[in-house]
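Asker: Sequence first, then the predicted structure:
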Amino acid sequence: MIEGPGELRVPVVNDEGGPTAVFEHLWTPYRMAYIRGENKPTGDHDCPFCLIPAMSDDDGLIVARGETVFAVLNLYPYNAGHLMVVPYRHVPDYTDLTVPEVAELGAFTQTAMRVVRSVSGAHGFNVGMNQGSVAGAGIADHLHQHAVPRWGGDTNFMPVIGLTRVLPQVLSETRALLAAAWPATGRAV
């Protein structure tokens, strides 16, 4: 048994050539709180995506506001510049969106990618949404689409071994740069 901060790895001796003969198990017990839904919102009264639009752009980390959606920095980013495009309406599923909401969500996602590329030179993006808690949605009751910038060689051992993400800039500075580069009308282009 090998223990590190917040982890427990158990080498598996024999699995008769099965998957455990190749892989060690990495136990991350701190993730059980996430899986159980502890401290997750229970409705629109405590949903961060419903509360953020009432905040100032600086306080809410809002990059841009549209008619039906807004772009906001992820408070727990996978990479620097990790944005989310969120409808103002508290709906859980992509199929719940209206045609105008779908159109603006898509346009804002395109603009987010253009803006992040222009500001940071991102090489690529992971874009998508997790539908439902079983699919990994951290806030399953309020739809949101992630736009995560990626660079060659941006993955490393720090999140797994050190339980640490390395971000080169504080969120307020990232928000200011992206908001300044977003089209002046606030609308997607």
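Answerer: Alright, I've got the coordinates.
Asker: any idea how far the nearest residue to Gly60 once chain neighbours are set aside is from Thr95?
Answerer: Leaving aside its chain neighbours, Gly60 sits nearest to Ile52 (4.1 Å; criterion: C-beta to C-beta, 6 or more residues apart in numbering). Just so you know, the C-beta spots here come from the backbone N, C-alpha and C atoms, and that holds for glycine as well. Using C-beta to C-beta, to the nearest Å, Ile52 is found at 23 Å from Thr95.
Asker: Look at these two and report which has more neighbours.
Answerer: When Ile52 and Thr95 are compared for neighbours, Ile52 comes out ahead with 19 against 9, by other C-beta atoms under 10 Å.
Asker: By neighbour count, which bits of stretch 112-124 are buried? Give me those.
Answerer: Neighbour counts using 16 or more other C-beta atoms under 10 Å place 112-113, 115-117, 119-120, 122 of stretch 112-124 among the buried residues.
Asker: With stretch 74-92 instead?
Answerer: Neighbour counts over stretch 74-92 (16+ other C-beta under 10 Å) mark 74, 77-90 as buried.
Asker: Could you work out the end-to-end span of it for me?
Answerer: The separation between the terminal residues of stretch 74-92, taken as C-alpha to C-alpha, to the nearest Å, is 18 Å.
Asker: continuing past the worst-scoring helix or strand of the chain on mean pLDDT, what's the next helix or strand?
Answerer: Within the chain, confidence by mean pLDDT, DSSP states H and E is lowest for helix 158-161 among all helices and strands, at a mean of 49. Following helix 158-161 in sequence order, the next helix or strand is helix 171-181 (DSSP states H and E).
Asker: if we can go back for a sec, helix/strand/coil for the residue nearest to Gly60?
Answerer: Following DSSP: H, G, I helix; E, B strand; the rest coil, the label given to Ile52 is helix.
Asker: thought it was touching Asp58?
Answerer: No: at 11.6 Å, Ile52 does not count as touching Asp58 under the criterion of C-beta atoms under 8 Å.
Asker: Can you show me the helices along the chain?
Answerer: In the chain, the helices defined using DSSP state H lie at 19-22, 32-36, 48-51, 57-60, 99-120, 158-161, 171-181.
Asker: what residues does stretch 122-131 touch?
Answerer: Here stretch 122-131 makes contact (C-beta atoms under 8 Å, 6 or more residues apart in numbering) with 78, 81, 92-94, 109, 113, 116, 136-138, 140, 143-152.
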